[in-house]
Structure formats: C-alpha cells, structure tokens
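Q: any chance you can model this:
(one chain, ligands or ions: 1)
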Amino acid sequence: MLTRKPIFPGIIELNFQAGEVLGCNVYLVYDGDEWILIDVGYEETVEDFVEIIRQVDFPFSRCKTLVATHADVDHIQGLAKAKQLLKTSVTAHPNAVAPLQSGDTLITLAEIAAQDLKMAMPPVEIEHEVNDGDIIEVGSLQIEVWHTPGHTNSQLAFRIGDVLLSGDNIYRDGCIGAIDAHHGSDIKAFVSSLERIRDSDVKWLAPSHGPIFANDRDLLDSTIQRVRGYLKMADFGTLAESWPLMDEWDEEVAAGRLPDGLTQ
Ligand SMILES: [Zn+2]
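A: Here you go, the predicted model:
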C-alpha cells in the first residue's frame, strides 16, 4: 500500500503519485470510495496506471466512469483496455463520440501518414455524453463541465472548486494544445476558451500535460494575443481567417507596382 499524494483535496494526478512521468496527466478525482479518471493515456501504460490505483487503495468496483478530455490518441487510446479492466463506463463530449466509437485514426491523430506515424486506435463505446454546464457527481463532489473548444471541438475542462482541470487549453510555459485542422482545431474558439479561463475566478490550472500552475492573467493575456495573431497568418493554413499580404498583393498587382530598386 502506498500513501496517497493528492495535489488538491480529492484530486490525485497519477504520474505525480507514481513519481515518474508515464504519459499525459491522468487525474483521479475521488470522494470517499467513489472515484473517476479523467483521461487514461496510451494503451501501453494502462496497466501501470491501474497498478498505481490499486496501490493507493481505491476499490475498482467504485470507479464511476472514465472521462475523456477530448478525442486525441495520447489521452484516450487506452480507454477500451481501461474500461475492460475496471468494468466501468466512458464519458465524453458529443463531438468525441463518433471518433472514439469508430476508432477513427485520422481525427484522433493516431495516424499521420506523412510522418510515417501509425498507431492503433481501439474503438470504445461511450455510455455518457456531457456538455457545458453539466455536473459530474463523485460522492458529494460536484464537478462542473466546461466545453472549451479550440484545440479540438471535443475539448472539455472540469472545474472543482478553485481548480480547473484545464485539458490541452494552455500549459505552464504559455504553449497551447496543437492547432491542427485534422482534429477540429478552431482558432477563434481557442481564443474564447482562453478568455473564459482568464476571466474566471479559477485559481489553479491542472493541465493535461506538464505541471500544475496558477491562473495568471499576464500569461493568459500574452497567450491570447499570440493565438489571436494566428487568425491572420498563412502559417495556419485553412484555419486562418485572412492573410493581409494577399490584400496588399491585390493592390500592387492592380497598380503594377514592384519593389523600389527593381526595374522592369
Ligand atoms: Zn490533444
């Protein structure tokens, strides 16, 4: 038996509990004997995480559900296996249901042909859908569900008192979850989700990757400003809403203008 190392009352992060980073952050939220997991990570680490849960003495029969923060492979590839081991249900946002139930390797980013990347994505049945404003009860704990699209259209965050389990919205260094059209990123929605986090009275952000950190207005402001800039940058392809250089080019073509010093 191991001593539990909760990071907040009722919240254990399993990598921190293990003293070793095995993958994405996996939060075990509990009250009394009842508990849930928020994300489970890759299939190959499921048994390690389950063993940690056994060592900190949570009865498997009291696992209420496994919750997916969103439908990206590094968070949810192990759902089918964890569900089988723990004999419980799976909970996700409605936008995550089709990719998870069909084991869609493209939307979950399990398969990136151009990078020779191909991972299995075992399909898993979703029993419960949750959306913004819903409450997940664990014992007497009330977990408030936030829908925070941007990184993906299924991204959820979970508020427990002063803490937001903030998913792939923002990390301690100001980086954000990957922007990629293939898994449903939306830059405008991302800005709104980050503004919502900034403007809330949440004190702590517990992200899906890396360390926990304070909800700091300056960090959020500089990140929001950067992400808003992506809307007008060719770097983000079809996810940008405009590219000002093309307006300049229109004018220069119409005027027959070339750079100073270049003669026809
Ligand atoms: Zn992700």
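Q: against Phe16, how distant is the residue lying closest to Phe213 once chain neighbours are set aside?
A: Residue nearest to Phe213 in three dimensions, not counting chain neighbours: Arg172, with 4.1 Å by Cβ to Cβ, 6 or more residues apart in numbering. In this view, the C-beta of every residue, glycine as well, is placed from N, C-alpha and C. As judged by Cβ to Cβ, to the nearest Å, Arg172 and Phe16 stand 14 Å apart.
Q: in the longest strand seen in the chain, which residues are buried?
A: Identified as the longest strand of the chain according to DSSP state E is strand 141-147. By 16 or more other Cβ atoms under 10 Å, the buried positions in strand 141-147 come out as 141, 143, 145-147.
Q: do the same with stretch 186-201
A: So for stretch 186-201, counting by 16+ other Cβ under 10 Å, buried means 186-187, 189-191, 193-194, 196-198.
Q: now do the longest strand of the chain: everything it contacts.
A: Residues from elsewhere that reach strand 141-147 (Cβ atoms under 8 Å, 6 or more residues apart in numbering): 10, 29-31, 36, 93, 130-137, 155-160, 164, 196.
Q: dump the residue contacts of Val130.
A: Contacts of Val130 (Cβ under 8 Å, 6+ apart): 67, 91-93, 136, 145, 156.
Q: and Pro122, by the same measure?
A: Contacts of Pro122 by Cβ under 8 Å, 6+ apart are 43, 77, 79-81, 103.
Q: check contacts around whatever residue of the chain ends up closest to the ion.
A: Minimum separation of the chain from the ion (Cβ to the ion) falls at Asp72, amounting to 3.3 Å. Neighbour list for Asp72: 108-109, 152, 168, 183 [criterion: Cβ under 8 Å, 6+ apart].
Q: farthest pair within those?
A: Greatest spatial distance among the contacts of Asp72 (Cβ to Cβ): Thr108 and Asp168, at 13.2 Å.
Q: how about the buried residues of stretch 186-201 in a markdown table, adding pLDDT?
A: Shown next, in a markdown table, are those (pLDDT from 0 to 100):
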| residue | pLDDT |
| --- | --- |
| Asp186 | 98 |
| Ile187 | 98 |
| Ala189 | 98 |
| Phe190 | 98 |
| Val191 | 98 |
| Ser193 | 98 |
| Leu194 | 98 |
| Arg196 | 98 |
| Ile197 | 98 |
| Arg198 | 98 |
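Q: for the ion, tell me which of those show up nearby.
A: Applying Cβ under 5 Å from the ion to the buried residues of stretch 186-201, one finds that nothing falls near the ion.
Q: where does pLDDT dip in the stretch 151-264 of the chain?
A: Across the stretch 151-264 of the chain, the ranges flagged by pLDDT under 70 are 264.
Q: pull up the residues of it that are close to the ion.
A: Close to the ion, as judged by Cβ under 5 Å from the ion, the stretch 151-264 of the chain has residues 168, 177.
Q: ok, which stretches of the stretch 151-264 of the chain are helices?
A: 187-199, 217-230, 244-255 (DSSP state H, counting those that start in this stretch).
Q: pipe those helices into JSON lines and attach distance to Asp57 per row.
A: JSON lines is the format used below for the helices of the stretch 151-264 of the chain (distance: least, Cβ to Cβ, whole Å):
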{"stretch": "helix 187-199", "distance to Asp57": "33"}
{"stretch": "helix 217-230", "distance to Asp57": "37"}
{"stretch": "helix 244-255", "distance to Asp57": "59"}
